[in-house]
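**Student:** predicted model follows, preceded by the sequence.
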Amino acid sequence: WISNKAGINRYVWNFTEDAPTKWYGAAKEDYQGPMTGATVVPGAYTLRLTLGGAVLTQTVAISGDPRDNYTAAQYAAGYDYARKYMVVYGKIDEALNNLDAIRKSLSAAAAMAKNLPSLAQPIAAAQSQWQPIFGAFTADYKNDEDSIQRAGSLRESIPRTTGFGGPQLPPTAAQLEYSKRFDAAFDAAMNGYNQYVDSLKPLQAALEKAGIKPLQGLNLMIVPVEVRYRAA
């Protein structure tokens, strides 16, 4: 989006795609996620400006840095790697946003059902099961020194040597090996999340039957095929 004021309106594209989904429950705005997505590869691109009912287009050419000697295949490899983990980052944040909504609605349901043992017990069980699922995705750092004092989880450990504001280079053999371990942990966390959401369906039905506001955030996560199976 650009401004639409009288006179000259200027927008500078930094050759990146849209940023991934942000986690709005992060402790600080700076921790919500990257501000930009992967950097596009050199090539021809079409700029499209929509103003009212008019659409103006212009094709531009983006060239690589003349100081680099990367081939088209190397640029593509760097982009694929960065793009894959931008999508992964967004999926993690999407799951965290859902988990925040689940936690909040579980707390509200617990307050409404405190005198209903048949509901209070499964609500308490769901609340106790929430933390391990949440913890698999993030260490939820509260300040900049937390990363020094304690280990991170998936969100803090996403492969990011390429992209994320740094040089988007082809992944090294070591990075690809690390990616395999990360991908396995990511799949396990997503499977655990989906199993948790499925396990809340009977509680959801019981809450609705009792006239208590249903739980929010019960959204199953679908990981794109290209992220789950495409080689980095």
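**Tutor:** Done, it's in. For clarity, every value in this text was computed on a predicted model and none was experimentally measured. Numbering: from 1, shown residues only.

**Student:** what score does P167 have for pLDDT?
**Tutor:** The score at P167 is 64. That number is its pLDDT.

**Student:** cool, and the one 5 residues further on?
**Tutor:** At T172 the predicted local distance difference test score is 89.

**Student:** where's it relative to A38, distance?
**Tutor:** T172 sits 18 Å away from A38, going by C-beta to C-beta, to the nearest Å. (Each C-beta comes from the backbone N, C-alpha and C, glycine too.)

**Student:** spit out the contact partners of the residue nearest to R83 when sequence neighbours are not counted.
**Tutor:** Once its chain neighbours are removed from consideration, R83 has its nearest residue in A38; the separation is 4.2 Å (C-beta to C-beta, 6 or more residues apart in numbering). Contact analysis of A38 by C-beta atoms under 8 Å, 6 or more residues apart in numbering lists 16-17, 79, 82-83, 86, 163, 168.

**Student:** are any of these buried, and which?
**Tutor:** 16, 79, 82-83, 86, 163, 168 (16 or more other C-beta atoms under 10 Å).

**Student:** so who does Y75 touch?
**Tutor:** When contacts are counted by C-beta under 8 Å, 6+ apart, Y75 touches 41-42, 64.

**Student:** TSV for the residues you listed, including neighbour count?
**Tutor:** Converted to TSV, the contacts of Y75 look like this (neighbours: other C-beta atoms under 10 Å):
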residue	neighbour count
V41	18
P42	16
G64	15
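
**Student:** now the helices for this structure?
**Tutor:** Per DSSP state H, the chain has helices spanning 72-112, 117-137, 146-149, 173-199, 201-209, 225-229. These are given in chain order.

**Student:** from those helices, which stretch is densest packed?
**Tutor:** With neighbours taken as mean count of other C-beta atoms under 10 Å, the helices of the chain reach their highest mean count in helix 72-112, at a mean of 20.

**Student:** hang on, the earlier thing: which among the contacts of A38 gets closest to A205?
**Tutor:** Checking the contacts of A38 against A205 by C-beta to C-beta gives M86 as the nearest, at 36.9 Å.

**Student:** measure that closest one to T39 for me?
**Tutor:** Distance of M86 to T39, given as C-beta to C-beta: 10 Å.
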